[in-house]
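In: Need a 3D model of the following:
(one chain, ligands or ions: 2)
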Amino acid sequence: MRTSIATVCLSGTLEDKLRACAAAGFDGVEIFEQDLVVSPSTPEQIRDLAQELGLTLDLYQPFRDFEGVEEDVLADNLRRAEAKFRLMNRLGIDTMLVCSNVATATIGDDAVAAAQLRRMGETAARYGVRLAYEALAWGRYVSDFEHAWRIVELADHPNVGTCLDSFHILSRRWNPEAIEKIPAEKIFFVQLADAPELSMDVLSWSRHYRVFPGEGAFDLVTFMGHLVRSGYNGPVSLEIFNDVFRQAAEERTAVDAMRSLIRLAEQTSIHLQETGAGETAMELSTLPGVGEPLGFNFAEVKAGDPETIRTLLYQLGFTCQGTHRSKAVELWTQNGARVIINSQNARGLEPGISAIGLDVPDALAAASRALQLKATAVPRRSQANEEVLQAVAAPDGTEIFLCEAESGGPGWIREFGRGAPVPAAGPITAVDHVNLSQPWQHFDEAVLFYESTLGLTPRPSVEVPSPMGLVRSQVMRSSDGAVRMALNIAPMVFDGSGYPQHVAFACSDLVALARTAVARGLQFLPVPGNYYEDLDARFGLDPEFLTVLKDLNLLYDRDADGEFLHFYTSTVGNVFFEVVERRPSYEGYGAPNAPVRLAAQYLANG
Ligand SMILES: O=C(O)c1ccc(O)c(O)c1
Ligand SMILES: [Mg+2]
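Out: Numbering: from 1, shown residues only. Ligands and ions are numbered 1, 2, ... in the order given. Have a look, this model is predicted:
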């Protein structure tokens, strides 16, 4: 699959955009006219830069409001088109996108539109230019890709073909199956965009809310399946009009874009296999398949001064297993819950979650997959007598260690203390989930990253009101729930990196644990009295039980699967801990309690 991307997807100058696209690994780009018009570079300089960067210039776009017009308007449109053909010759671009007329068309007659496109095609042919006619979802007379194709068929000129854009097709709920009826050689170009389900006029939806494939609600895998079956083998190009991407760092957006295409190619390949497609012209590269993660191996907190984290863990019943042989790193455990406190090169650093270890079926395959999906490798030094661990960095900077579970505990434990696991009994059994906050502008990117690299499945996102604004929260989990990660939008007043994140531990007896913690001086996140009155009104709880909850600052929820008890510690630096008890198979996260937690933290942290 030849990958391409429209320059309109990115921020910066045209040169910045080209460099970012090349660095992210795209084969080519579509030049969006406005980017060229505002550039001080000559067309020849842009052509040379693209060549230097190894990028093909696949499309010049858009040419607007050409067809369905009166003869005098047509003459002017042809003059305008010819000027652009000359420009395209200087740029070395051979395909122009012509979108269906939205503004100046007065004649809703296919024969007229076709005849006019044919005349444009005749002129284009003299410059070696091909025209890719695209139905805009809000076109005056032409808004359906099958209609655009009928006009192209009527125009019957070798230089006139069609451009398919998944947004215009799927936003209007046109059936993409009909793509297979278009001869592949008449599909001159293909643009891909995803979008979230929104109810608004289609033009605003298209111009502001498009997202990369996999980040929205469209079924692009099925769309791609029809495209590949048609025999098309040209560029597959991302064309994403999105207000956020237009102001985000272009290098990062381009990587997010590339990741989405790599992932889509893999999914399409699997889909085609499953539906028995056989040989296709387009080759789709796949990735090492990795099973879902099997559990949390560890969570790591980095802290300049480890003392506050040590105290919290002790109060929660953890035991220190000792320090690492060669590094300023400590291991604290309680049954299957392992927390590493890392104070290497961390002078002055506030405590915060720095790494998560996951047990996966095949660590090397998982790391290779993540790297091919443009995760950043984490440079690590291992000594002769140490475990070699695979690690990649997520876009949010969290290091993800890909480990393999071993009976008797991970091998790396032997590098700590006296080398023998300290049996740490206690009601905490394991890490239940990890909650990572994301800067708002990178939320979709984070969801796509964790979904595509780790094989976690996103659950529907929820919005939690807080004194700092609405916090979007999305849980990603493995199907058996052994790995659960919640991604939260950090409210805008924070820069994301400094917004508290947390590790939640699973516990078999929360009340007993809370009592031990109180006795050891743990600072709980205080829960307001109003909450307990509301809880009683909602659930009609046994008064004695309600008193226990209230005295210990415990939160409670209940649904058809069971009951949920949990509490939060106070925040130190950028991290706090939660302890949860699922009775017996409650699957949620106490969503009704999330606003209470956020408001209490707002008050406590100022
Ligand atoms: O919004 C637009 O005008 C516009 C322009 C060119 C395209 O390819 C497109 O899909 C939309
Ligand atoms: Mg388009």
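
In: From now on I want contacts and neighbour counts done on CA atoms only, so please keep to that.
Out: Noted.

In: Could you pick out the longest helix of this protein?
Out: Determined from DSSP state H, the single longest helix within the chain is helix 250-274.

In: which element follows that one toward the C-terminus?
Out: Downstream of helix 250-274, the first helix or strand assigned by DSSP states H and E is strand 295-302.

In: Can you tell me what sits against that next one?
Out: 337-344, 346, 349-360, 403, 405, 410, 430-431, 482-483, 503 (CA atoms under 8 Å, 6 or more residues apart in numbering).

In: Same check on stretch 118-125?
Out: 78, 81-82, 85, 130-131, 155-160.

In: Likewise for stretch 192-207?
Out: 137-138, 165-167, 171, 209-218, 220, 236-242.

In: if you set the cut-off to 10 Å instead, what comes out?
Out: For stretch 192-207, the surrounding residues in contact (CA atoms under 10 Å, 6 or more residues apart in numbering) are 4-5, 136-139, 164-168, 170-172, 208-220, 223-224, 236-243, 261.

In: re the thing from before, list buried residues within the contacts of strand 295-302.
Out: Using 16 or more other CA atoms under 10 Å as the burial test, the contacts of strand 295-302 include 337-343, 350-360, 403, 405, 430-431, 482-483, 503 as buried.

In: Filter those down to the ones in helices?
Out: Per DSSP H, those never map to helices.

In: what stretches of this protein score poorly on pLDDT?
Out: 419-424, 492-498, 606 (pLDDT under 70).

In: all strands of the stretch 51-200 of the chain, in order?
Out: Using DSSP state E, counting those that start in this stretch, the strands of the stretch 51-200 of the chain run over 56-63, 95-99, 130-134, 160-165, 187-192.

In: out of these, nearest to residue 425?
Out: Smallest distance to residue 425 across those (CA to CA): 53.7 Å, for strand 187-192.

In: Tell me which strands the closest one pairs with, and in which orientation.
Out: strand 160-165 (parallel), strand 235-238 (parallel) (DSSP bridges).

In: Deepest-packed of those strands, please.
Out: Of the strands paired with strand 187-192, the one with the most neighbours on average (mean count of other CA atoms under 10 Å) is strand 160-165, at a mean of 27.

In: Taking strand 95-99 as reference, get the angle to it.
Out: 70 degrees (axes from the mean of the first three to the mean of the last three CA atoms, to 10 degrees).

In: Just the CA atoms of strand 160-165, as PDB, please.
Out: Once non-C-alpha atoms are left out, strand 160-165 reads as follows in PDB (Å, rounded to 0.1, in the frame of the first residue of the first chain):
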ATOM      1  CA  VAL A 160     -10.900  12.000 -16.200                       C
ATOM      2  CA  GLY A 161     -11.300   9.600 -13.300                       C
ATOM      3  CA  THR A 162     -12.700   9.700  -9.800                       C
ATOM      4  CA  CYS A 163     -11.400  10.300  -6.300                       C
ATOM      5  CA  LEU A 164     -12.900   8.400  -3.400                       C
ATOM      6  CA  ASP A 165     -12.900  10.000   0.000                       C
END
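
In: Run the angle between it and strand 130-134 for me.
Out: Going by the same axes, to 10 degrees, strand 160-165 makes 50 degrees with strand 130-134.
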